[in-house]
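[1] quick one: sequence and predicted model below, then my questions.
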Amino acid sequence: MGNVNRHSGQSSHPTQESQPSGKRHRRTHLTKSVDKLLYLLSQGCMLHKVKGGGLLYPRTFYLDTENMVLKYSGSEKRLRKKRISWPISKIREVREGEKDYSKRLDPYDRGRCLAVVFGTNHEVLYLMSETSQMRDDWIKGLRFALHMDQYMDQKQQTDRWIREAFQMADKNNDRSLDFEEILKLLKQLNADMDKKYVLELFNKADTTKTHGKPVLDAEEFVRFYHMLTERPEIDEIFMKYDDGKGYWTFSDLCKFFYHEQKLDLTEDQSKELIAAFEPQKQLQLEEHLSPIGFRTLLASNDQQLFNPIHKRVYQDMTQPIINYYISSSHNTYLTDDQLRGPSRVEAYITALSRGCRCVELDCWDGPDEEPVIYHGYTLTSKIFFRDVLSAIKDYAFQSSPQNPNSRYPVILSIENHCSVKQQTVMATYIRSIFGDLLYAPEETPNRIPSPHDLMGKIVIKGKKLPNNLSNTDEGEVSDEDEAADVSNESVKPPKKDSGHKIKLSQEFSACVGFKAVGFKGVEESINSKGIFVSLGENKALKLIDNDRDGVIKLNQHMLVRTYPAGSRTDSSNYNPVPMWNAGCQVVALNFQTNSEPMQLLQGKFMDNGGCGYLLKPGFLLSDDRSASPWTSRKRLSITIVSGYQLPKPNDSKKGEIIDPFIKIEVHGVKEDTQQCKTSVKENNGFNPRWDEHVSFVIGQPDHAIIRFVVYDHDRCVDDFIGYFALPFHSIQEGYRHFSLLNKHGDKIPMALILLKVEIKEA
């Protein structure tokens, strides 16, 4: 079995006794200093929240590593909702003030400031301390807490989430909950349960039996919650293989994996799984698995719907870069609409951390010979070109839990609207900031480089002067102005004739690694000696409809970039799937708009380790279709078994229990596009049970993306709760969970869907 990779619990590191005394002393000293620091931060420190407009709000901040939260007190707000605590698990990065690009820190000493970045969308909490030493202590403490959180095991994570729920319900902060408070909490958690049953479990969990009103403390509440959340549907699966024993042997586990999960498990592998997931020590010693252990195993990472093998880079990365789909962003600098929205350096950091490997920079002349980036002919704000380059250098290849395989090349798609003088300034910044990271060969290479060849490199895509140009400072190239696509009368760009030329700096041209050419037709583009061509969404769709084979031929010779129509001033996105189906590699979307197209992009690029590069199907790489035939038709059969801990929509009425249903969609070639949905389960988001079967025949599985969406049924408009999307070929068969993601792509704590999946030839 290829994807069982569980340790048996024995450490491969030397024991403390076997280590030199000096090393033991240093480790002990380090542990004591960290414990002392965490204790100090848990007692509370005065920090200033730095808000827009230069406003400072003094607050007492606490780092609570027992419950794994960052919180503060001292707010005067009473009438409107405010966030006063953040789970450590939501932190993406803790950044020194000197390394942040926000202008709001400019009036202050950045050496006393820090930025705490939360979530996939990179919401930032800016803080300023009294001293630089206090700032450094907070950075060290938060980073250590983040490290602790990432290495929690599954049970610790579950217990931490339950404690968070306990704190949410403990309104009077007396560290206990009575029965009425627990009933209110269950309603908030979407649990509409029989009151007598809940009272029975409450009394079982109340082991201290204090005088007066019965209450549960935090530890008792954790026990109560585990009893409450038993999952009969998983126990039913367990009982199919336990022969009435009440436990599984390693042989029973092997049978389950063979018949249900479609995987061959060796005896040693099954024993490793029992050692890893069985919580009861005696059963561990007897090499037996209890129903609780099975429940934990089935919810573990390797048993998820998404194949764990595809979480690492497994595809051939040595083919020419034109053979790969590339995760790509349009107008990366924008965080809102295309006309008046703010431009932010943070938007580049966000895109790169989400696996994006091609970002866009619209460059214009700025004041004091400083090139700026913004959406030309609009009222969007401006950011400095040099700041964006510095951020890209810092984050292009920075590994993170979101994007652990970020070593493959980053392409900068530069829309150059600058004067020759400021182009030369741009070139100076490119060379000085990127240094050896820049890929800019003096001579055109004999073959197109591969992602592997370009590992750790930053590549500029842009216009390039011919090599045979005389030794002058500038030359002319044709101008295809993407900014001219903006369709808004109040910001309409000046008209240019079709033969318009722009002047190009020799120094800037020499920085370009991938030559971009304007599209004049399939054959002319192929013969242009360029490697990049860009098509607006409408032109691309028209070309695909009228000459699909021509588009496929074009992207067999060069990278084809598509981007949203200029009419999408609200930053909405087009459907990327038809572009991918025709082989277009660089399908650029507005990353700030987290709707269905972005969810499909994120789902597609989860594959191949989330590295941002996916090898295209063989039949799109060669004119000889018989040499690389399509994958055969498949039948995808899914039983939607149950849901677990489905949350309310953000704007749900207080106390209202949701009525969930699940929509299952197939996105692919036109003939394969289909969808269906389950029935609605009224008043149950806590543990809805469906046991409903759906089946899809998929003619071209290589193109298919499967998307699951959970909604709360409403008489007017169904409310979005969460989604999950993945490529068809990344699906594991058998009983599988997937975690729900919110609209930003962040995992919703505890929210799971259980399926049974079968894939057969159709």
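    Thanks, I have it. Residues are numbered from 1 along each chain as shown.

[2] and the strands in the stretch 251-400 of the chain, which stretches?
    Along the stretch 251-400 of the chain, counting by DSSP state E, counting those that start in this stretch, strands occupy 324-326, 328-329, 358-364, 372-373, 383-384.

[3] in the third one, what counts as buried?
    Along strand 358-364, the positions that meet the burial threshold by neighbour count (16 or more other C-beta atoms under 10 Å) are Cys358, Val359, Glu360, Leu361, Asp362, Cys363, Trp364. Quick note: C-beta positions are derived from backbone N, CA and C, even for glycine.

[4] go ahead and confirm Lys99 touches Asp394.
    Yes: with contact defined as C-beta atoms under 8 Å, Lys99 counts as touching Asp394 (7.0 Å).

[5] more neighbours, the two?
    Higher neighbour count among Lys99 and Asp394: Asp394, with 16 against 13, using other C-beta atoms under 10 Å.

[6] read off the pLDDT value for the more buried one.
    On pLDDT, Asp394 comes in at 95.

[7] before we move on, back to that, export the strands of the stretch 251-400 of the chain to a markdown table and append columns for mean pLDDT and distance to Leu614.
    What follows is the strands of the stretch 251-400 of the chain, written out as a markdown table (pLDDT from 0 to 100; distance: least, C-beta to C-beta, whole Å):
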| stretch | mean pLDDT | distance to Leu614 |
| --- | --- | --- |
| strand 324-326 | 98 | 4 |
| strand 328-329 | 98 | 12 |
| strand 358-364 | 97 | 13 |
| strand 372-373 | 96 | 28 |
| strand 383-384 | 96 | 30 |
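
[8] need the ones you listed in TSV (columns: distance to Lys184).
    Putting those into TSV (distance: least, C-beta to C-beta, whole Å) gives the following:
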stretch	distance to Lys184
strand 324-326	49
strand 328-329	43
strand 358-364	47
strand 372-373	50
strand 383-384	47
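
[9] out of those strands, which is closest to Ile552?
    Closest of those to Ile552 is strand 324-326, at 13.7 Å (criterion: C-beta to C-beta).

[10] picking up where we left off before, what's the closest of the buried residues of strand 358-364 to Pro409?
    Using C-beta to C-beta, these come closest to Pro409 at Cys358, 9.2 Å.

[11] where along the stretch 1-150 of the chain do the strands fall?
    Under DSSP E, counting those that start in this stretch, the stretch 1-150 of the chain gives strands at 45-51, 55-64, 69-73, 85-87, 91-96, 113-118, 123-128.

[12] next: the stretch 451-600 of the chain.
    458-462, 474-478, 501-505, 512-517, 532-536, 559-563, 586-589.

[13] got the contact list for the longest one?
    Pointing back at strand 512-517 there. 411, 413, 438-441, 457, 459-464, 525, 528-534, 559 (C-beta atoms under 8 Å, 6 or more residues apart in numbering).

[14] please, a ChimeraX command that selects the buried ones among the residues you listed?
    The ChimeraX selection below is limited to those of the contacts of strand 512-517 classed as buried (16+ other C-beta under 10 Å):
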select :411,413,438,439,440,457,459,460,461,462,463,464,525,528,530,531,532,533,534,559
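
[15] worst mean pLDDT among the strands of the stretch 451-600 of the chain?
    If the strands of the stretch 451-600 of the chain are sorted by mean pLDDT, strand 474-478 sits at the bottom with a mean of 68.

[16] how would you label the residue sitting furthest away from the middle of the chain: helix, strand or coil?
    The outermost residue of the chain relative to its centre, with distances by C-alpha atoms, centre = their mean, is His211 at 49.3 Å. Three-state call for His211 (DSSP: H, G, I helix; E, B strand; the rest coil): coil.

[17] show me which residues of stretch 417-437 are buried.
    Buried residues in stretch 417-437, defined by neighbour count with 16+ other C-beta under 10 Å: 417-420, 422-427, 429-430, 433-434, 437.

[18] what is the least confident helix or strand in the protein?
    For the chain, the helix or strand with the lowest mean confidence is strand 474-478, at a mean of 68 (criterion: mean pLDDT, DSSP states H and E).

[19] what ranges of this structure fall below the confidence cut-off?
    1-31, 76-83, 152-159, 161, 189-194, 400-404, 469-473, 475-500, 623-629, 651-655 (pLDDT under 70).

[20] can you pull out the helices in the stretch 1-150 of the chain?
    Along the stretch 1-150 of the chain, the segments classed as helices by DSSP state H, counting those that start in this stretch run 21-42, 132-150.

[21] need those helices in CSV (columns: mean neighbour count and distance to Ser381).
    CSV is the format used below for the helices of the stretch 1-150 of the chain (neighbours: other C-beta atoms under 10 Å; distance: least, C-beta to C-beta, whole Å):
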stretch, mean neighbour count, distance to Ser381
helix 21-42, 12, 36
helix 132-150, 17, 28
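
[22] next, format the ones you listed as JSON lines and append distance to Thr332.
    What follows is the helices of the stretch 1-150 of the chain, written out as JSON lines (distance: least, C-beta to C-beta, whole Å):
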{"stretch": "helix 21-42", "distance to Thr332": "35"}
{"stretch": "helix 132-150", "distance to Thr332": "26"}
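
[23] quick one, which of the ones you listed is nearest to Gln280?
    Of the helices of the stretch 1-150 of the chain, the one closest to Gln280 (C-beta to C-beta) turns out to be helix 132-150, at 25.5 Å.

[24] thinking again about what came up before, mind checking which of the strands of the stretch 251-400 of the chain is nearest Val717?
    Closest to Val717 of these is strand 328-329 (C-beta to C-beta; 29.6 Å).

[25] check contacts around His703.
    Residues in contact with His703, defined by C-beta under 8 Å, 6+ apart, are Val577, Trp580, Asn581, Pro617, Gly668, Val669, Asp672.

[26] out of those residues, which comes closest to Asp336?
    For these, the nearest to Asp336 is Val577 (25.4 Å; C-beta to C-beta).

[27] how many neighbours does the closest one have?
    Applying other C-beta under 10 Å, we find 21 other residues in the vicinity of Val577.

[28] ok, now Met168?
    When neighbours are defined as other C-beta under 10 Å, Met168 has 12 of them.
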